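> Provide a 3D model corresponding to the input given below.
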Amino acid sequence: MSLASNFGRDFVVAAPTEIPRGWRPRHFDLPAWGEVLTSRHRDVRGRAMKIFFDVDGVLIDGWHGRPERRKRWDISLQEDLGVDPVALQQVFFCTPTGQFPSLMHACVAGERDLREALAGALPLLGYKGTVEAFVAYWFAKDSNVNRELLELVKRLSRHPEAELYIVTGQEHYRADHLWNALGFREHFRDILYSARVGQLKGTASFFAAINTMLAISPADRPLFFDDQEDVVNLARRAGWDACVFEDVTTVLTHPRLQDLVHSWQHFAP
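From the prediction side, this is the model:
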């Protein structure tokens, strides 16, 4: 069912507002490129292993690359906020016909502001509340942290031979929520996300940009755990040692992490 056939009279996809590469709202407390966030991270550049983790389907147990493993954040959206989740998908998340991407696609690419895009879309769905309340509801429902993996991350983050990063396809507001509200900043050196990089995660240019920003050499071969096989293949072509994440054992049993895993009792939380 196309968006045009159902909303063609009321909903027009506007051309995305130009937002400079790397832009983020001024109030966000997110790290600048290469910023070392806390003094507890030793500067072991040149010998520390870089380990990258995706968010959705890895750190967050919600949306997943495999449909049968997805846990929807909008399951009770109709009852709670009066918004039909199917209509929301069509209006905001699905790619419409024509030359412009979906509104969410444009936000994740860093071309649209999420709240401004929602302000135009939500009234078409009969929503009467504020955009801020809707975003707060969405982010709270989509914050099912993989606690078992997070405990492992906490231990790895304290190891002097490991540098942990988040690599994810996000727009600015949710990235800020992940980093600050969920406390991921306590365990990772940086969050590298599509709207900030200015490239979509499912593109070779996204991984090339991160290689440049972090000065990753072919010898580094950073580890990367992601739930989508096509993304893993792109990362491998960029020189990363990428793996399809199934569960915490994917990390625990990785051959390159065995020395760290066996020694991490000295770096317990």
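> could you use CA atoms for every contact and neighbour count after this?
Fine.
> residue 243 versus residue 51, what's the distance?
Residue 51 is 11 Å from residue 243, where distance means Cα to Cα, to the nearest Å.
> and residue 134, by the same measure?
For residue 134, the distance to residue 243 - Cα to Cα - is 34 Å.
> so for those two, which residue has more residues nearby?
residue 243 (21 against 18; other Cα atoms under 10 Å).
> phi first, then psi, for the more buried one.
Phi and psi for residue 243, reported as degrees, to the nearest 10, are phi -130, psi 150.
> could you double-check that residue 221 lies in contact with residue 240?
Yes - under the criterion of Cα atoms under 8 Å, residue 221 makes contact with residue 240 at 4.6 Å.
> looking at the two, which one has more neighbours?
Neighbours of residue 221 and residue 240, each counted by other Cα under 10 Å, are more numerous for residue 240; the result is 25 against 17.
> and that one, what's its pLDDT?
With respect to pLDDT, residue 240 has a value of 98.
> and for residue 34?
pLDDT at residue 34 comes out at 42.
> again, but for the one 5 residues further on
Predicted confidence (pLDDT) at residue 39: the value is 31.
> go on, the one 5 residues further on?
Note for residue 44: predicted pLDDT of 37.
> do the same with residue 182
pLDDT recorded at residue 182 is 96.
> nearest spatial neighbour of it, skipping sequence neighbours?
residue 143 (7.8 Å; Cα to Cα, 6 or more residues apart in numbering).
> run through the stretch 1-150 of the chain and note the low-pLDDT ranges.
Applying pLDDT under 70 to the stretch 1-150 of the chain picks out residues 1-47, 63-65, 68-70, 95-100.
> that one: helices as residue ranges?
3-7, 77-81, 85-88, 103-108, 114-121, 131-141, 147-157 (DSSP state H, counting those that start in this stretch).
> quick one: which of the ones you listed is nearest residue 185?
helix 147-157 (10.8 Å; Cα to Cα).
> check which element follows that closest one along the chain.
As assigned by DSSP states H and E, the chain's next helix or strand after helix 147-157 is strand 162-168.
> just how off-centre is whatever helix or strand comes next after that following strand within its chain?
Toward the C-terminus, strand 162-168 is succeeded by helix 172-176 as the next helix or strand (DSSP H and E). A distance of 9 Å separates the centroid of the chain from that of helix 172-176, by Cα atoms, centre = their mean, to the nearest Å.
> about what we covered before: quick check: neighbours shared by residue 51 and residue 243?
223-224 (Cα atoms under 8 Å, 6 or more residues apart in numbering).
> one step back: ok, and which of the helices of the stretch 1-150 of the chain has the densest surroundings?
Highest mean neighbour count among the helices of the stretch 1-150 of the chain (mean count of other Cα atoms under 10 Å): helix 103-108, with a mean of 24.
> can you give the domain ranges for the chain?
Listed domain ranges for the chain are 49-63+144-267, 74-141 (source: automatic domain parsing).
> most tightly surrounded among these?
Each of the domains of the chain was scored by mean neighbour count; the highest is domain 49-63+144-267, a mean of 19, by mean count of other Cα under 10 Å.
> centre of the chain to it, how far?
Offset of domain 49-63+144-267 from its chain centre (Cα atoms, centre = their mean): 10 Å.
> please apply the same query to stretch 61-81.
Offset of stretch 61-81 from its chain centre (Cα atoms, centre = their mean): 16 Å.
> let's see the distance spanning it from one end to the other.
23 Å.
> before we move on, what about stretch 228-246?
10 Å.
> hmm, who's touching that stretch?
So stretch 228-246 is contacted by 58, 64-66, 201-204, 207-208, 211, 218, 221-227, 250-251 (Cα under 8 Å, 6+ apart).
> among these, which ones are in helices?
Counted as lying in helices by DSSP state H, out of those, are 204, 207-208, 211, 250-251.
> residue 250 and residue 227: what is the separation?
When residue 250 is compared with residue 227 (using Cα to Cα), they lie 11 Å apart.
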